[in-house]
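Asks: Have a look; sequence and predicted model below, questions after that.
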2 protein chains.
Amino acid sequence: MTGDSADPDHAAMSDRLMTADTPVPLTELSEWKRFALAAQTCAPRPDALDLIEAPGLALDSSGQRHSPELMAAGEALLRARDFETQRERLLAGDPVNVTEGRAAWHTALRAPEAPAQVRAERERMDAWVRRADAERRWRHVVHVGIGGSDWGVRLAVTAFGYAGTWRDVRFVANIDGHAIEGGLAGLDPRETLVVLVSKSFTTAETLENGARAREWLAGAGLDPAAHLAAVTARPDRARAWGVPDNQIFHMWDWVGGRFSLWSAVGLSTALAVGIDVLEGLRAGAAAMDAHFTQAPLAVNAPVRMALAGVVNRSVLGHGSLNIAPYDSRLANLVPYVQQLDMESLGKSVDVAGRPVGVPTGPAVWGMPGTDAQHTFFQWMHQGSDGAPVDFILCRQADHHWPAHHRQLLANCLAQREALMRGKSLAQARAECLAEGMDAARADWLAPHRVHPGGRPNHLIVLQRLSPYSLGALLALYEHRVFTQGVIWGIDPFDQWGVEYGKVLARGIIAELDPSGQARAAAPAADDSAVRHDASTRHWIDRLRG
Amino acid sequence: MTGDSADPDHAAMSDRLMTADTPVPLTELSEWKRFALAAQTCAPRPDALDLIEAPGLALDSSGQRHSPELMAAGEALLRARDFETQRERLLAGDPVNVTEGRAAWHTALRAPEAPAQVRAERERMDAWVRRADAERRWRHVVHVGIGGSDWGVRLAVTAFGYAGTWRDVRFVANIDGHAIEGGLAGLDPRETLVVLVSKSFTTAETLENGARAREWLAGAGLDPAAHLAAVTARPDRARAWGVPDNQIFHMWDWVGGRFSLWSAVGLSTALAVGIDVLEGLRAGAAAMDAHFTQAPLAVNAPVRMALAGVVNRSVLGHGSLNIAPYDSRLANLVPYVQQLDMESLGKSVDVAGRPVGVPTGPAVWGMPGTDAQHTFFQWMHQGSDGAPVDFILCRQADHHWPAHHRQLLANCLAQREALMRGKSLAQARAECLAEGMDAARADWLAPHRVHPGGRPNHLIVLQRLSPYSLGALLALYEHRVFTQGVIWGIDPFDQWGVEYGKVLARGIIAELDPSGQARAAAPAADDSAVRHDASTRHWIDRLRG
């Protein structure tokens, strides 16, 4: 999703919006000051169970700071931010993406009463997949897309195809040539479908990788067109590029890349793990949409996660958020939420262009447990500040080894308990003595075994990893991010920060080209060559050719 | 690597060490105060090229704060920390792991004159792999290990086997039963070798997953022993478990798990991508060891990275470090460095058990570029504080599409330049006007297009991704981490923080078991059941059975 600011319709819409009421700066609100104070004076209370049963999952916030006073202050803050109106506008498809003057209407893609154009496109894609299934067509699928056109599909395919699928799916995202080389290696071109996903159909990575795949198909004596499919908001460009009309599926301008999993971007998912998976994902997300719309704020799961996120980031100062799915099938949930959260909330000015005044979105990172325990949990327990954690687990496993699942669940609960509870110096010393050390050694070693404790977390429990519960989980994160955007007063749907690097890269590509032709093709007015810092200059000269 | 504190030899050695001289607390050193002041008063100067040519790679520190005054203060700080003696002790195999009373002698594994036992074991393993190669034995390898017994192998296999290998290697780490289910699915047991890697041969995940693999082999009517190999410091336990002697390869107690890539843990690497890869990795690492030992501090790559890391974390307060390899083959470098750094430096007390007094190891996270650009670079550019970045690229690609490589390099240089240079409000406004916006809209939109700039980074350039350069890169990170440990005064080789969760997990596993037998088997003295917080108690009751 690129900022298409030159489009006259967008500019006009945005002109209206920029003159509309903009929120008061957060830090000037008395409701913010009261909220921050309530958070500072509220201790973590894991002994007061704080549980929400939401569609597809339960959210336990006991490990966060929580109290009736803090909740009341949070409700007042949301009222001051006009949260309910903002939520209505989101769900109605109003242009909530203020700086780009368009909607962020991903909820329409999964609504029981989806717009007619959405339903029609979905039926067209389903029919196409059903026919391919019936014909046992395409043993290999090469999914070519990046960012929002990549993570959602990877997530769903890993979640539901973890033990292999009859169609194998490869993912090619990076412009690095080794990615497409590895993506095509060993495949039978006659049995391969290449799916290009790009909303604008101008994404450099996707078109370059697609061109290599097209050459590979042609080199095998095949008609590439028969082996190409595209998902895009610009079918005209896909057609011009060589994809036949009946294999072009539409997405819409009013859905951002990081929310596009719910659209025809799911084509590769459907080919790998079945069209029922898409239906289940949508149903779960729609149920979470309804919960987000209807549940009172105190028992509204996305709202509660958002309030805790603002406390951890803007009041307590935690710089990062760790996602710890205790389910190896959810490995790709981490980059998925990373993109959703960091691209949406990685901004420091509000919609009116003023500094927000408090730290906004954290760095989001993580890894499935128990791998994470053997990789960085040392740091979570005893590092200088640790990070808040979202623990995620499934009550029920889909394999047949109950002892494995018991160990998995116990590890999750135990790590969480250790992070909350901590271990004092006296406890550590007593342990050392109980292990048979003499007093001098126990005194010396005990400080190395102290855990400060009191580290915040959420626990999210899915009944099992079904498409429905995964859909609900993703919508939970989407709405949590939206709500934090409302509180901070920022536009979570734009991404102006990614444009600058693209512009600089175009100039450097030309400078790196030894033929000099591309260099000459760079705009004459661009004097970036003389403006590079000494280090960039050095590397351009050294890497040329 | 578990803390085996009950071992009398370790305890005795540690007793000697705990009474030895311990460093002065960092914040009491006048050299620390001068260093911190020099860092605070030194601006980032990308226009002053600051380049080190080290074995296998070049390190560009121009994007960090650097000046002759800061370097002099850093040298004084290292002298005050007795850095040269500490480095000598590390390389001599002295017990630098103070709290566990043992060496961290991973450099011996790759030294040109490695100890005789190391060379003998290496030759035994090489011969075994050569024979398997000659016999075209084992089409499938299932590598079962976790943490330090997993990431190094994944890294090397992805780096050099990215386009497929004639033996396919699956990795099974997590106790989650879906991991071993997916790891075995579709394989032909007759052609499968299962490699178990555990230093202690007690790692719960590895033994449980190994047991499932053993059942699967037996269920196919095979003799499991013929299909099992093990890498461990406890061959007695592997033998008792059912691995034949000639398929057990030794690692040593004086090498920590996160440094074990250089040992027989490389067995699966050798089977997948060849024994020459291991040799190249060792040669590159040994060359970096020599550089670390001999190069003056000002042009010593690991030392310079360590000083910059301490500035960014302890003076400027950056809470995380982003690793951005612009090479899709290096995707697993991120978890590898994450483990190395966070398990080593995720501590807040010094070797004498006193608080360090400044923030220590950061959260380490990342993703290959250009994927990262489409996932979280928005946040890097415009988020509240961003993160220091280690950019890594290869001058030369191993594919045949120069235009792809040019775009990859240009993207890396451009993102780095944008992060350093920033974009002012005046520049952003001028851009908006140049795009045809009227003044009112330009004024309104420009703040959304501002980049603060001045964000710190390293650029590491490999000539190409050879085993030699990757080995050098990994040793660079190892020694960078060690040097930061010396400055902070902490033991980078222990990991006491991971023990507590394991203990709690044992109790909860028993409580979750509906048969009650395991619960009865828990120590009678353990009253953890009554001591759980309300939330943990709730979930144990709800998840039982």
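Replies: Great, that's in hand. Numbers count the residues shown, from 1 in each chain, chains lettered A, B, ... in the order given.
Asks: I'd like the mean pLDDT over stretch A:403-420, please.
Replies: For stretch A:403-420, mean pLDDT rounds to 97.
Asks: can you pull the buried residues of that stretch?
Replies: Under the neighbour-count criterion of 16 or more other CB atoms under 10 Å in any protein chain shown, stretch A:403-420 has A:404-420 buried. Heads up, the C-betas are built off the backbone N, CA and C, glycines and all.
Asks: Stretch A:25-38 too?
Replies: A:Leu26, A:Leu29, A:Glu31, A:Trp32, A:Arg34, A:Phe35, A:Ala36, A:Ala38.
Asks: ok, the residue of the stretch 201-350 of chain A found nearest chain B - contacts?
Replies: With CB to the nearest CB, the shortest gap between the stretch 201-350 of chain A and chain B falls at A:Gly346, namely 2.7 Å. Taking CB atoms under 8 Å, 6 or more residues apart in numbering or on different chains as the criterion, A:Gly346 is in contact with A:Thr360, A:Gly361, A:Gly497, B:Phe376, B:Gln378, B:Trp379, B:Met380, B:His381, B:Gln382, B:Gly383.
Asks: From the structure, what's the count of residues near the first one?
Replies: Right, the one you point to is A:Thr360. Here the count is done by other CB atoms under 10 Å in any protein chain shown, and A:Thr360 has 29 residues near it.
Asks: Got the domain ranges for chain A?
Replies: A:27-98+A:283-421+A:455-488, A:106-273, A:498-543 (automatic domain parsing).
Asks: From start to finish, how long is the first one in a straight line?
Replies: Using CA to CA, to the nearest Å, the end-to-end distance of domain A:27-98+A:283-421+A:455-488 comes to 9 Å.
Asks: residues contacting the residue in the stretch 151-300 of chain A that chain B sits nearest to?
Replies: At 3.7 Å from chain B, A:Gly177 is the closest residue in the stretch 151-300 of chain A, using CB to the nearest CB. Applying CB under 8 Å, 6+ apart, we find A:Gly177 in contact with A:Arg212, B:Ala397, B:His399, B:His400, B:Trp401, B:His404, B:His405, B:Leu408.
Asks: Strands of chain A, start to end?
Replies: Listed from the start of the chain, chain A has strands (DSSP state E) covering A:51-54, A:57-60, A:140-144, A:168-172, A:192-197, A:228-232, A:248-250, A:320-325, A:363-366, A:389-394, A:457-462.
Asks: closest to B:Trp138 out of those strands?
Replies: strand A:168-172 (21.5 Å; CB to CB).
Asks: what pairs with the closest one, and is each one parallel or antiparallel?
Replies: Within its sheet, and counting by DSSP bridges, strand A:168-172 is paired with strand A:140-144 (parallel).
Asks: From the chain's centroid, how far away is the partner strand?
Replies: 21 Å (CA atoms, centre = their mean, to the nearest Å).
Asks: Take the strands of chain A and write them to a markdown table, including mean pLDDT and mean neighbour count.
Replies: Formatted as a markdown table, the strands of chain A follow (pLDDT from 0 to 100; neighbours: other CB atoms under 10 Å in any protein chain shown):
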| stretch | mean pLDDT | mean neighbour count |
| --- | --- | --- |
| strand A:51-54 | 98 | 17 |
| strand A:57-60 | 98 | 21 |
| strand A:140-144 | 98 | 26 |
| strand A:168-172 | 96 | 21 |
| strand A:192-197 | 98 | 27 |
| strand A:228-232 | 98 | 27 |
| strand A:248-250 | 97 | 22 |
| strand A:320-325 | 98 | 26 |
| strand A:363-366 | 98 | 26 |
| strand A:389-394 | 98 | 24 |
| strand A:457-462 | 98 | 24 |
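Asks: could I get those strands as TSV with distance to B:Arg119?
Replies: Converted to TSV, the strands of chain A look like this (distance: least, CB to CB, whole Å):
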stretch	distance to B:Arg119
strand A:51-54	59
strand A:57-60	54
strand A:140-144	45
strand A:168-172	41
strand A:192-197	47
strand A:228-232	54
strand A:248-250	60
strand A:320-325	41
strand A:363-366	40
strand A:389-394	44
strand A:457-462	48
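Asks: Relative to B:Ser314, which of those is closest?
Replies: strand A:320-325 (17.2 Å).
Asks: centre of the chain versus that closest one, how much separation?
Replies: 12 Å.
Asks: near chain B at all, that strand?
Replies: Yes - residues of strand A:320-325 contacting chain B under CB under 8 Å from any CB of the partner chain: A:Ser320, A:Asn322.
Asks: how about the residue lying closest to A:Arg258 once chain neighbours are set aside, what does it touch?
Replies: Nearest residue to A:Arg258 in three dimensions, chain neighbours excluded: A:Gly148, at 4.2 Å (CB to CB, 6 or more residues apart in numbering or on different chains). Residues near A:Gly148 by CB under 8 Å, 6+ apart: A:Met1, A:Lys199, A:Gly256, A:Gly257, A:Arg258, A:Phe259, A:Ser260, A:Val265, A:Gln339, B:His374.
Asks: Equivalent analysis for A:Arg395, please.
Replies: Contacts of A:Arg395 (CB under 8 Å, 6+ apart): A:Val461, A:Leu462, A:Gln463, A:Arg464, B:Arg542, B:Leu543.
Asks: what about it, distance to A:Cys412?
Replies: Using CB to CB, to the nearest Å, one gets 11 Å for the distance from A:Arg395 to A:Cys412.
Asks: Output the below-cut-off pLDDT ranges for the stretch 201-350 of chain A.
Replies: In the predicted model, the stretch 201-350 of chain A carries no residue with pLDDT under 70.
Asks: neighbours of the nearest residue to A:Asn246 once chain neighbours are set aside, just the number please.
Replies: Nearest residue to A:Asn246, sequence neighbours excluded (CB to CB, 6+ apart): A:Trp128, at 7.5 Å. Residues near A:Trp128, counting by other CB under 10 Å, number 19.
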